[in-house]
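Engineer: Provided below for reference: sequence and predicted model.
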Protein chains: 2
Amino acid sequence: MPNILLADDHDLVRDTIAAYLETVDDFKVQTAANLEEALELMRGLDSIDLLILDYHMPGMDGLNGLSRARQAFPATKVALMSGVANREVANKAMENGANGFIPKSLKAVSLVNAIKFVLSGERYFPFDFGQADEPVESSGFFATLSSREMQTLEQLCIGLSNKEIARNLGIQEVTVKLHVKNVLAKLGVSNRTQAALLAKEKQLF
Amino acid sequence: MPNILLADDHDLVRDTIAAYLETVDDFKVQTAANLEEALELMRGLDSIDLLILDYHMPGMDGLNGLSRARQAFPATKVALMSGVANREVANKAMENGANGFIPKSLKAVSLVNAIKFVLSGERYFPFDFGQADEPVESSGFFATLSSREMQTLEQLCIGLSNKEIARNLGIQEVTVKLHVKNVLAKLGVSNRTQAALLAKEKQLF
DNA sequence: GACAGAACTATACTTTGGTATAGTTGCCTA
DNA sequence: TAGGCAACTATACCAAAGTATAGTTCTGTC
């Protein structure tokens, strides 16, 4: 019987998925509410076959949590799960060695199949999760942002100044101003604070 | 046997919660992926006892979706469910006549109890989900803000300029700058964007 | 090979944001 | 009634943000 460890800070989501998996197939599912708890649990009993990590969860720190888990338990397969992550995050997760990426928009039956697929040694990635083109990117206006503009917006969301952003991205301050201006125009807002607030509200970062 | 209609655009969340409810208790659960689908389904068979709506879901448009559902089917109880909504949204939902508010951080067993509670005619609101008018400890620094500074911070959180804030509060722009400066100092941040982000993160507005 | 889009830089400018200092008013309390 | 505090105003100054225009480089596409 495959051992699965599901880590998600939403109790409701976690418990129901766990219960579903146990009733529907031959899985043994254990759960944790954050990354630390998950790793601690695994140190006790190293017989976990698949670790499923929620992307937004205490301790994750973006994709660092994924890397930490992989380094600590190289033998265990790790899948990232998220309800809001975009294609970029999903791709990076796979590049960072995740064995699978599970959007929460997945159908329940598909989840079971995906888990079996990963457990049999394959790497799972939902094929319809944002093709190379940019047609169905995240809600509306954000889709039209170029990659640099997206990076700029991300820094905006930490409240950084143009100068700091320039340093972080390794470009000139004027260029940052350009990107910021474009972001404001594309999002239809009138200053950086509104841009940051909007992005946060849409759960982009 | 109570009839429940669960509307959530995340297939995985929806299906597992539905499956969980059906196995764990005597519920009949039907599902929909968005508001339109849910309303359409209810028009066919008007025997739904409880409608559970995800706050972030196509067609919801904030709390308008809730109002639409209530107007269309006054006899049906409606609960709002959300994984990210803050206290403000939750309170407004209840003010708008929701029979319950279900945070996704709820434990699975609690969900069942909440549903039974609502079905028996009560209105459910998780008690630990931030009380309404409580002055609260406001986690640290916010406590030290004077009332004007608090008002200023509130406007900051909509991304307004000093000039706009001055107009809204009926004072001079210089005075607003004074308040803003004090707010930044008291919160220990270096610009208005960070102040707004921090306040939002602490769920103050 | 022409063309379009992105990312980038430069110069120049206006507006907004943030700091500093100094002073007035009204309220509350020791 | 003196002192402290919150709120407010004024002037002034510098830094940061945002706009406008123009041009370079690179990449990928028709």
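Structural biologist: Yep, it's here. Residues are numbered from 1 along each chain as shown, chains lettered A, B, ... in the order given.
Engineer: helices and strands of chain A: which one bottoms out on pLDDT?
Structural biologist: helix A:87-95 (a mean of 78; mean pLDDT, DSSP states H and E).
Engineer: what's the helix or strand just after it packed up against?
Structural biologist: Once the chain leaves helix A:87-95, the next helix or strand it forms, by DSSP states H and E, is strand A:100-103. If contacts are counted by 3 or more Cβ pairs under 8 Å, 6 or more residues apart in numbering or on different chains; DSSP states H and E, strand A:100-103 sits against strand A:77-82, helix A:87-95, helix A:108-119. Any C-beta I mention is one placed from the backbone N, CA and C, and that applies to glycine too.
Engineer: most packed of those?
Structural biologist: For the helices and strands packed on strand A:100-103, the largest average neighbour count (mean count of other Cβ atoms under 10 Å in any protein chain shown) is found in strand A:77-82, namely a mean of 24.
Engineer: need the residues that contact it.
Structural biologist: For strand A:77-82, contacts defined as Cβ atoms under 8 Å, 6 or more residues apart in numbering or on different chains pick out A:8, A:49-56, A:66, A:69-70, A:89-90, A:93, A:97-104, A:114-115, A:118-119, A:124.
Engineer: tabulate the helices and strands packed on strand A:100-103 (CSV), appending distance to DNA strand D.
Structural biologist: Shown next, in CSV, are the helices and strands packed on strand A:100-103 (distance: least, Cβ to the nearest atom of the strand, whole Å):
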stretch, distance to DNA strand D
strand A:77-82, 28
helix A:87-95, 17
helix A:108-119, 31
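Engineer: could I get the ones you listed as CSV with distance to B:Leu39?
Structural biologist: Formatted as CSV, these follow (distance: least, Cβ to Cβ, whole Å):
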stretch, distance to B:Leu39
strand A:77-82, 29
helix A:87-95, 31
helix A:108-119, 23
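Engineer: of these, which is nearest B:Ala185?
Structural biologist: Closest of the helices and strands packed on strand A:100-103 to B:Ala185 is helix A:87-95, at 35.7 Å (criterion: Cβ to Cβ).
Engineer: ok, that closest one near chain B or not?
Structural biologist: No: if you take Cβ under 8 Å from any Cβ of the partner chain as the test, helix A:87-95 misses chain B, and the best it gets is 15.0 Å.
Engineer: can you pull the contacts of A:Ser105?
Structural biologist: A:Ser105 sits next to A:Gly83, B:Asp9, B:His10, B:Asp11, B:Leu12 when contact means Cβ under 8 Å, 6+ apart.
Engineer: lowest pLDDT pick from those residues?
Structural biologist: Checked by pLDDT, the contacts of A:Ser105 have A:Gly83 as the lowest-scoring entry (83).
Engineer: burial count for that one?
Structural biologist: Here the number of neighbours of A:Gly83 (other Cβ atoms under 10 Å in any protein chain shown) works out to 24.
Engineer: ramachandran angles for the closest residue to it other than its chain neighbours?
Structural biologist: Leaving aside its sequence neighbours, A:Gly83 sits nearest to A:Lys104 (Cβ to Cβ, 6 or more residues apart in numbering or on different chains; 3.6 Å). The phi/psi pair for A:Lys104 (degrees, to the nearest 10) reads phi -70, psi 0.
Engineer: is the least confident helix or strand of chain A in proximity to DNA strand C?
Structural biologist: No: against DNA strand C, helix A:87-95 shows no contacts by Cβ under 7 Å from any atom of the strand, the least distance being 12.5 Å.
Engineer: separation between the residue lying farthest from the centre of chain A and DNA strand D?
Structural biologist: Distance to the chain centre peaks in chain A at A:Val174, reaching 31.4 Å (criterion: Cα atoms, centre = their mean). Here the distance between A:Val174 and DNA strand D works out to 6 Å (Cβ to the nearest atom of the strand, to the nearest Å).
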